[in-house]
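In: coords please:
(one chain, ligands or ions: 2)
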Amino acid sequence: MSQNTVRIAVAGAKGRMGREAVRAITATPDLTLAGVLVRHVDDEVLHDFDTSAYDDAARLLETEQPDVWLDLTTPATVVNHVNLALDHGVRPVVGATGYGEEDLSRWDELARTRGIGGIACPNFAVGALLMMRFAKEAAKWMEKAEIIELHHDQKKDKPSGTALRTALAMETEYEVPIHSVRLPGLVAHQEVIFGGTGEILTIRHDSLNRESFMPGLILACRRVMQLRQMVYGLENLLW
Ligand SMILES: NC(=O)C1=CN([C@@H]2O[C@H](COP(=O)(O)OP(=O)(O)OC[C@H]3O[C@@H](n4cnc5c(N)ncnc54)[C@H](OP(=O)(O)O)[C@@H]3O)[C@@H](O)[C@H]2O)C=CC1
Ligand SMILES: O=C(O)C1=N[C@H](C(=O)O)C[C@H](O)C1
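Out: Ligands and ions are numbered 1, 2, ... in the order given. Predicted structure coming up:
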């Protein structure tokens, strides 16, 4: 194993994103899977993962001492997990959504106190980051806008983290309404629709599968090692 490898603990490793992330990390030479957090450790889990599996976050942090805590769990658990990781001096890469501005402020304070960095990424897909960037630009010129976010029907939070991040990035003087659609067959999609005098502009992004999130996720796991504060949005590491 290379000395420069980044050791990553994946929380939520049996989930839709978790499974994809484990595959991507395992296939990336400078990243190592340091352990996984699952809800229950059973025979299937021990067979599925070529690393140590835990059902207790503190025990995973203390035993494996990873460099990075990659959280792909749920809105109900992510906040406590990230607090705990930072308390243990472990850098969080927050993929799960459903946290708030107060959580981000507390994480930043904890990270700075510890002298480490972290990153919260509402969306890892490069196309989604571009969609937000273009929406920010368009908001300077168009009178009004609304967001429609569309996701698979197993998604637990509403509105999506991406929609909230987009609305914040647009910095409009008016409120940007967000509409949420949850249907089987969908993966992750968003439209930002701008209305002007006699014209409409639509900016749309579609994630067609969860592989779309992996290049950004790998980048975040690498770059978090150089950060000394909590960053909100992967775009801050790109442009
Ligand atoms: N940033 C990004 O680009 C993306 C972010 N997401 C976000 O990632 C998160 C996960 O999404 P997705 O993979 O679709 O969801 P899933 O429900 O498929 O996965 C979540 C996993 O976390 C597990 N889990 C929940 N609580 C715990 C706990 N206390 N300890 C250990 N494991 C736990 C669940 O186990 P169980 O099933 O047993 O409850 C499940 O396996 C969501 O918040 C989603 O919004 C999703 C896609 C892209
Ligand atoms: O739950 C999902 O699937 C997704 N969640 C993230 C969000 O809430 O924005 C990112 C992406 O939209 C997929």
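In: Please list all residues in contact with the residue nearest to the spatial centre of the chain.
Out: Centroid-nearest residue in the chain, with C-alpha atoms, centre = their mean: Gly95, separated by 2.1 Å. Gly95 makes contact with 17, 21, 70-72, 121, 124, 213, 217, according to C-beta atoms under 8 Å, 6 or more residues apart in numbering. Every residue, glycine included, has its C-beta placed from N, CA and C.
In: now Leu110
Out: Leu110 makes contact with 83, 86-87, 230, according to C-beta under 8 Å, 6+ apart.
In: please redo it, this time with the cut-off set to 10 Å
Out: Neighbouring residues of Leu110 by C-beta atoms under 10 Å, 6 or more residues apart in numbering: 82-83, 85-87, 89, 92, 116, 118, 230.
In: now those residues in JSON lines, with secondary structure and distance to Leu201?
Out: Shown next, in JSON lines, are the contacts of Leu110 (DSSP: H, G, I helix; E, B strand; the rest coil; distance: C-beta to C-beta, whole Å):
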{"residue": "Val82", "secondary structure": "helix", "distance to Leu201": "36"}
{"residue": "Asn83", "secondary structure": "helix", "distance to Leu201": "40"}
{"residue": "Ala85", "secondary structure": "helix", "distance to Leu201": "40"}
{"residue": "Leu86", "secondary structure": "helix", "distance to Leu201": "40"}
{"residue": "Asp87", "secondary structure": "helix", "distance to Leu201": "45"}
{"residue": "Gly89", "secondary structure": "coil", "distance to Leu201": "46"}
{"residue": "Pro92", "secondary structure": "strand", "distance to Leu201": "36"}
{"residue": "Ile116", "secondary structure": "coil", "distance to Leu201": "41"}
{"residue": "Gly118", "secondary structure": "strand", "distance to Leu201": "35"}
{"residue": "Met230", "secondary structure": "strand", "distance to Leu201": "33"}
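In: buried sites along the helix or strand of the chain with the lowest mean pLDDT?
Out: One helix or strand of the chain scores below all others by mean pLDDT, DSSP states H and E: helix 43-48, with a mean of 90. By 16 or more other C-beta atoms under 10 Å, the buried positions in helix 43-48 come out as Val45.
In: ok, now stretch 13-32?
Out: 13-15, 17-22, 24-25, 28, 31-32.
In: where does the protein have low pLDDT?
Out: Along the chain, the model assigns pLDDT under 70 to residues 1-3.
In: quick one: the most far-flung residue of it relative to its centre from Glu143, how far?
Out: Largest separation from the mean C-alpha position in the chain: Gly198, at 37.2 Å (C-alpha atoms, centre = their mean). Separation of Gly198 from Glu143 (C-beta to C-beta, to the nearest Å): 11 Å.
In: Give me the phi and psi for the closest residue to Asn4 other than its chain neighbours.
Out: Spatial nearest neighbour of Asn4, chain neighbours left out: Asp30 (6.2 Å); criterion: C-beta to C-beta, 6 or more residues apart in numbering. Per-residue torsions, Asp30: phi -90, psi 10 (degrees, to the nearest 10).
In: Make 690 the first number, not 1, from now on.
Out: Sure, I'll start counting at 690 from here, so that last one is Asp719.
In: correct me, but Ala858 touches Lys829?
Out: No - if you go by C-beta atoms under 10 Å, Ala858 and Lys829 don't touch, sitting 11.7 Å apart.
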